[in-house]
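Undergrad: Next input, structure requested:
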Amino acid sequence: MAETESFRGYRYRLTDVDDLGRFVAPPYDMIDEGMRESLYAADPLNFVRIIQNRPEPSDESNIERHKRAQKLLSQWLDNGDILHDEQPGVYAYRQRFTVDKSGRAVELERTALTVRVRLVDFATGIVQPHEYTLSGPKTDRYELLRTAKFDTGQIFGIARDDGSYYRAICETVAAAALVGRFTDSNGVVHELLRVSDQALCTRVHATLADRTILIADGHHRYETALRHAHEGGGDGFVMMTVASMADPGLVVRPFHRVVKRNRLSERFDSVRALEPFMDVEDRGEATLEAVYGFLEGEGSFDMVFVDGGDKHLYGLTVNEKGDAHRKEDRESLSDAWNGLNVSKINRFCVREAMGQPTDGTILHDVLDYINDAGKAFKRAISDSTVTGTFFVRPIPIETIRDIVSRGERMPQKSTNFYPKLYSGLVLRSLEST
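TA: As a prediction, this is how the structure comes out:
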């Protein structure tokens, strides 16, 4: 199964453990131009210069910015701004955060261990993807990896677990030393701990050896590393931060669907357009409290819809005709995949009611995806450019695991693992033993 090892990480030299926030950056794909400029201004050593180096007018190609990143990283290493740990070990990444539960802030904690993982093809079933990737980001990350020769970003993996790996995490963290800490703009407290006790590290690797790993975030980086290894680069491993599927702090947030009002979606002018395939029950004037109640488990509906026209809340449940339609037109996918509520929205709202294909481009043309139920509700009630909002409950991690185990991948924008892993806490050289 999964083969993992300790490694000698590279870390920023800190005067105090709480200085780490000066240097780290969010994942590369969350950094827009404004955030990049803000991080550039925050500190001359901020890691954004490595993972999302600023393009320059003189650049003849995209790889030029990655070459600048490599030179900067080499300078920081030579200057002692980033140091190489003397002994191999395992790194613990702990996050303390709050999530909104129907308007209430609930405090949670999630801990994962950063190790190096043997790169294997997805066909082995040992490392399993849950979503599809795009060629553009893969090319970009490949150019950075090949140029810098470092794992610069975190891949977030989740190990199947009966509880033994989670117990190993807890025991390991109890003996770990805190080496860095910061709080991000969302109030998430990030802590990096280092474990050098070889007996504990060995136990971690032995426990993970019995498991498969689901990639939660970082698919582009994993596939990039795999390509690089197939071409003879690197050492056949990639840095990965692996959480437990049994961790009570593992949060998978849903993406609620806001229906845009435009020429592509004009045939879906109200929730009544779904009636051929779904029972539509008018629940009266929409309130955020009623939406929260549904999200917390109230009612037997598949989903609810806040209609921007009459401002009513509607409970939606697939009817016999809709169920027959799903069974007849399975798209070569399992009942579990077709039974996802996000799949039902794509099928009955986008494809049948709107008459549009359910490919990635069209979906983003007709739908906006929002995690925050309050913001999604406000869009439905007050934004004249939308028809309304579908609210869906989170997909259980067990459902995701079962679908992925069949070799399938989840529909687009069906999961949001929270919180995200920041870059710059620890790096791994592809050339160090």
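Undergrad: elements contacting the strand ranked longest in the chain?
TA: The longest strand of the chain (DSSP state E) is strand 104-118. Using 3 or more Cβ pairs under 8 Å, 6 or more residues apart in numbering; DSSP states H and E, the elements in contact with strand 104-118 are strand 4-5, strand 90-101, strand 156-159, helix 164-174, helix 198-208, strand 237-244. C-beta: built from backbone N, CA, C; applies to glycine.
Undergrad: now the strands for the stretch 151-300 of the chain?
TA: All strands of the stretch 151-300 of the chain, identified by DSSP state E, counting those that start in this stretch, fall at 156-159, 177-183, 189-195, 213-217, 237-244, 251-253, 256-260, 278-285.
Undergrad: which one of the ones you listed lies closest to E107?
TA: Nearest of the strands of the stretch 151-300 of the chain to E107, taken as Cβ to Cβ: strand 189-195 at 10.4 Å.
Undergrad: hang on, the earlier thing: would you format the strands of the stretch 151-300 of the chain as TSV with mean pLDDT and mean neighbour count included?
TA: Formatted as TSV, the strands of the stretch 151-300 of the chain follow (pLDDT from 0 to 100; neighbours: other Cβ atoms under 10 Å):
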stretch	mean pLDDT	mean neighbour count
strand 156-159	98	26
strand 177-183	98	17
strand 189-195	98	21
strand 213-217	97	23
strand 237-244	98	26
strand 251-253	96	17
strand 256-260	98	25
strand 278-285	98	16
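Undergrad: circling back to that earlier point, right, and the helices and strands packed on strand 104-118 - which one's nearest E64?
TA: Of these, nearest to E64 by Cβ to Cβ is strand 237-244, at 25.0 Å.
Undergrad: list the helices and strands the closest one packs on?
TA: Against strand 237-244 (3+ Cβ pairs under 8 Å, 6+ apart) you get strand 104-118, strand 156-159, helix 164-174, strand 213-217, helix 219-230.
Undergrad: ok, 7 Å please
TA: In terms of contacts (3 or more Cβ pairs under 7 Å, 6 or more residues apart in numbering; DSSP states H and E), strand 237-244 is packed against strand 104-118, strand 156-159, helix 164-174.
Undergrad: and the helix or strand just after the longest strand of the chain, which strands flank it?
TA: Scanning forward in sequence from strand 104-118 by DSSP states H and E, the next helix or strand is strand 127-128. In the sheet, strand 127-128 lines up against strand 213-217 (parallel) (DSSP bridges).
Undergrad: returning to that earlier point: R116 is nearest to which of the strands of the stretch 151-300 of the chain?
TA: Nearest to R116 among the strands of the stretch 151-300 of the chain is strand 237-244; the distance by Cβ to Cβ comes to 4.1 Å.
Undergrad: contacting residues around that closest one?
TA: When contacts are defined by Cβ atoms under 7 Å, 6 or more residues apart in numbering, strand 237-244 is touched by residues 5, 93, 110, 112-119, 151, 154-159, 161, 165-166, 169, 208, 213, 222, 225, 250, 421, 428.
Undergrad: What of stretch 214-231?
TA: Identification of contacts with stretch 214-231 by Cβ under 7 Å, 6+ apart yields 119, 127-131, 133, 137-138, 141-142, 145-146, 153-158, 234, 236, 238, 401, 404, 417, 420-421.
Undergrad: Okay, now the unreliable bits of the protein?
TA: Along the chain, the parts satisfying pLDDT under 70 run over 432-433.
Undergrad: how's it carved up into domains?
TA: Following automatic domain parsing, the chain resolves into domains at 4-252+418-429, 255-393.
Undergrad: From start to finish, how long is the shortest one in a straight line?
TA: Read it as domain 255-393. With Cα to Cα, to the nearest Å applied, domain 255-393 spans 9 Å between its terminal residues.
Undergrad: Can you give the distance of it from its chain's centre?
TA: With Cα atoms, centre = their mean, to the nearest Å as the basis, domain 255-393 stands 23 Å off its chain's centre.
Undergrad: Deepest in the core, which of the helices and strands packed on strand 237-244 is it.
TA: Ranked by mean neighbour count, the helices and strands packed on strand 237-244 are led by strand 156-159 with a mean of 26 (mean count of other Cβ atoms under 10 Å).
Undergrad: Against which helices or strands is it packed?
TA: Strand 156-159 sits against strand 213-217, strand 237-244, with contacts defined as 3+ Cβ pairs under 7 Å, 6+ apart.
Undergrad: hey, C-alpha coordinates of that strand in PDB?
TA: The C-alpha coordinates for strand 156-159 follow below in PDB (Å, rounded to 0.1, in the frame of the first residue of the first chain):
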ATOM      1  CA  PHE A 156      -3.200  17.200   1.000                       C
ATOM      2  CA  GLY A 157      -3.900  13.500   1.400                       C
ATOM      3  CA  ILE A 158      -6.400  11.700   3.500                       C
ATOM      4  CA  ALA A 159      -5.700   8.100   4.600                       C
END
